[in-house]
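1. Need coordinates for the below:
(one chain, ligands or ions: 1)
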Amino acid sequence: MDAIPVNVRQEGADLAIDWQDGTTSTYKVYDLRCACPCASCRDEVTGERLLNPANVPKDIAPRRIQSVGNYALKIEWSDGHDTGIYAYDRLWTLGANGAGAANGTSA
Ligand SMILES: [Zn+2]
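-> Okay, here's the model as predicted:
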């Protein structure tokens, strides 16, 4: 499906994304940082996580969120990490599988 975010907002330790289809996914900001898909956080071939979550500050926060090429969000984090490009479909999947599920719909 075409998962397009229409609104992204931070709510305390959560980041909420409103999708074009009217649903909302909620993510723990910390979990989202740990799920960073960039080459220094995750092995591009095996998908193995290279980032040590213990090195991520518990009070991590997004400093800046930009959309990239209509397919992804680039998140600049308060720990200075800014190479993470989160594709919409990946965010969608994370939201669907994650602890979030605050959208009131039962899959
Ligand atoms: Zn990264």
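2. residue nearest the centroid of this protein?
-> residue 32 (4.3 Å; Cα atoms, centre = their mean).
3. Now do the helix or strand in which it is found: which elements does it pack against?
-> Here residue 32 sits within helix 29-34, counting by DSSP states H and E. In this structure, helix 29-34 packs against strand 14-19, strand 72-77, with contacts taken as 3 or more Cβ pairs under 8 Å, 6 or more residues apart in numbering; DSSP states H and E. C-beta here means a position set from N, CA and C on the backbone, and glycine is covered the same way.
4. residue boundaries of the helices in this structure?
-> Using DSSP state H, the helices of the chain run over 29-34, 88-97.
5. and the residue nearest to the centre of the chain, what does it touch?
-> Residues near residue 32 by Cβ atoms under 8 Å, 6 or more residues apart in numbering: 15, 75, 86, 94.
6. Please determine how far the first one is located from residue 30.
-> Using Cβ to Cβ, to the nearest Å, one obtains 10 Å as the distance from residue 15 to residue 30.
7. Repeat that for the third one.
-> When Cβ to Cβ is applied, the distance between residue 86 and residue 30 equals 15 Å.
8. ok, those two, which is more surrounded?
-> residue 86 (22 against 18; other Cβ atoms under 10 Å).
9. Can you verify my assumption that the more buried one contacts residue 37?
-> Yes. Judged on Cβ atoms under 8 Å, residue 86 makes contact with residue 37 at a distance of 6.5 Å.
10. can you list the residues of this structure near the ion?
-> 36, 38, 41, 84 (Cβ under 5 Å from the ion).
11. May I ask which of these has the most neighbours?
-> Using other Cβ under 10 Å as the neighbour criterion, residue 84 leads these with 23 neighbours.
12. need the contact list for the closest residue to residue 51 other than its chain neighbours.
-> The shortest distance from residue 51 to any non-neighbouring residue, by Cβ to Cβ, 6 or more residues apart in numbering, is to residue 41 (4.0 Å). Residues near residue 41 by Cβ under 8 Å, 6+ apart: 49-51, 81, 84.
13. burial count for residue 14?
-> Using other Cβ under 10 Å: residue 14 sits among 16 other residues.
14. excluding its backbone neighbours, what's nearest it?
-> Once flanking residues are discounted, residue 14 sits nearest to residue 26: 5.1 Å by Cβ to Cβ, 6+ apart.
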